[in-house]
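Next input, structure requested:
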Amino acid sequence: MSYIKAGQDANGTEVKLHYTDQGQGNPIVLIHGWPASYEMWEYQLAELPKHGNRVVAYTRRGFGNSTKTWDGNDYDTFADDLKAVLDTLDLQNVTLVGFSMGGGEVARYMSRHGGARVSKVVFVSAVTPFLLQTDDNPDGAPKENFDKMVEGINKDRFDFLATFGKQFFGAGMVSHPVSQATLDWMQAMCQIASPRATEQCVYAFAATDFRRDLAVLKVPTLVIHGGDDATVPAKVSGERMTQFVPQAQYVEYAGAPHGLFITEKERLNRDLAAFVAGTPVEGTADRY
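Predicted coordinates:
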């Protein structure tokens, strides 16, 4: 396994981030969602290098095979970890792709580290601009929603993940957008995450306000969201992004759930490859 060093935790233990580095060409860095690991990008890692891209994916601290730290489950730390990845591999002209929780890393890195080494950004099913309902964010979700998630994690994390996985991919009694094998694969990936990180990151992605972070974005920006996303609804996320990033192109995948990196993998791969190459992102029944 390959690891990147990202400093030390509060006890002086070295923090190592598990990563993979595939292909040559324009660098793309893929940032996974909660509570998965870089392995969720299986179909992107298999396809994007075929289009003249160097594709790097890493696993956030606390998840997958990266170091399980007790503290540091916050976006400043996550942005610093992303910086360690870019600096260690000496990547330039990077396209950052953040899925769900990973969209927060993209936003915070761009503001906290001045967008160093980055030329383009993509937000896929992202938690940006701000999920939590507050007086100045009335369209967000009530805190009780996130409290219930944490309650479910603490009561029976494995059962919670099983239920969450079905919603994640839009699976139901009559809807089977992914196989049972895919649901099992995703659950196995998620359940090796640290219980501490799984819990703490709920509040990190729920309560972190990225609106000021987004205001600094000046690079080309692509926002992709599923129209039927029940995990991070488009109306509280993707649809609002152009309010804070005026130059962003918003593409809504009609009928797609949160986990569109699997259910819409061919289209997502095509759109990512096109955006990185500087060619138009095609689409029908989309919102721009």
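
And the helices in the stretch 1-150 of the chain, which stretches?
For the stretch 1-150 of the chain, the helices defined by DSSP state H, counting those that start in this stretch occupy 42-47, 75-88, 101-112, 143-169.

Deepest-packed of the ones you listed, please.
helix 101-112 (a mean of 26; mean count of other CB atoms under 10 Å). Yep, even glycine has a C-beta here, placed from its N, CA and C like the rest.

Quick one: mean pLDDT for it?
Across helix 101-112, pLDDT averages out at 98.

Point out the other helices and strands that that helix packs with.
Applying 3 or more CB pairs under 8 Å, 6 or more residues apart in numbering; DSSP states H and E, one finds that helix 101-112 contacts strand 26-31, helix 75-88, strand 94-99, strand 118-124, helix 195-207, helix 211-215.

would you turn the ones you listed into JSON lines with distance to N65?
Below are the helices and strands packed on helix 101-112 laid out as JSON lines (distance: least, CB to CB, whole Å):
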{"stretch": "strand 26-31", "distance to N65": "16"}
{"stretch": "helix 75-88", "distance to N65": "14"}
{"stretch": "strand 94-99", "distance to N65": "18"}
{"stretch": "strand 118-124", "distance to N65": "23"}
{"stretch": "helix 195-207", "distance to N65": "13"}
{"stretch": "helix 211-215", "distance to N65": "28"}
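
Indicate which one of the helices of the stretch 1-150 of the chain is closest to A10.
For these, the distance to A10 is smallest for helix 75-88, at 11.0 Å, taking CB to CB.

returning to that earlier point: closest to N137 out of the helices and strands packed on helix 101-112?
Using CB to CB, the nearest of the helices and strands packed on helix 101-112 to N137 is helix 211-215, at 8.3 Å.

Output that closest one as PDB, nothing but the C-alphas.
Listed next in PDB are the C-alpha coordinates belonging to helix 211-215 (Å, rounded to 0.1, in the frame of the first residue of the first chain):
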ATOM      1  CA  ARG A 211     -20.200  30.200   1.700                       C
ATOM      2  CA  ARG A 212     -17.100  32.400   2.300                       C
ATOM      3  CA  ASP A 213     -14.800  29.700   1.100                       C
ATOM      4  CA  LEU A 214     -16.700  29.500  -2.200                       C
ATOM      5  CA  ALA A 215     -16.500  33.300  -2.700                       C
END
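
And the helices and strands packed on helix 101-112: which comes nearest M189?
Taking CB to CB, helix 195-207 is the member of these nearest to M189, at 12.2 Å.

just to revisit the earlier point, of the helices and strands packed on helix 101-112, which is nearest Y253?
Comparing the helices and strands packed on helix 101-112 against Y253 with CB to CB, the closest turns out to be strand 118-124 (9.8 Å).

what's in contact with the closest one?
86, 93-100, 103, 106-107, 109-110, 217, 219-225, 238, 241, 260-261, 268, 272, 275-276 (CB atoms under 8 Å, 6 or more residues apart in numbering).

What's the mean pLDDT across the top strand by length along the chain?
Counting by DSSP state E, the longest strand found in the chain is strand 14-22. Mean pLDDT, strand 14-22: 98.

Please apply the same query to stretch 262-277.
Rounded mean pLDDT across stretch 262-277 is 98.

So for it, what gets flagged as buried?
By 16 or more other CB atoms under 10 Å, the buried positions in stretch 262-277 come out as 262-265, 267-273, 275-276.

go on, stretch 58-75?
Neighbour-count burial for stretch 58-75 flags 58-69, 72-73, 75 (criterion: 16+ other CB under 10 Å).

tell me how far the ends of that stretch are from each other?
Terminal residues of stretch 58-75 lie 16 Å apart, using CA to CA, to the nearest Å.

tell me the mean pLDDT for that stretch?
Mean predicted confidence for stretch 58-75 is 98.

what does stretch 30-37 give?
What stretch 30-37 shows for mean pLDDT is 98.

Which ones among the buried residues of stretch 58-75 lie within strands?
Those of these lying in strands (DSSP E): Y58.

Which pair of the buried residues of stretch 58-75 spans the longest distance?
Across the buried residues of stretch 58-75, the longest distance by CB to CB is 21.6 Å; it joins N65 and Y75.
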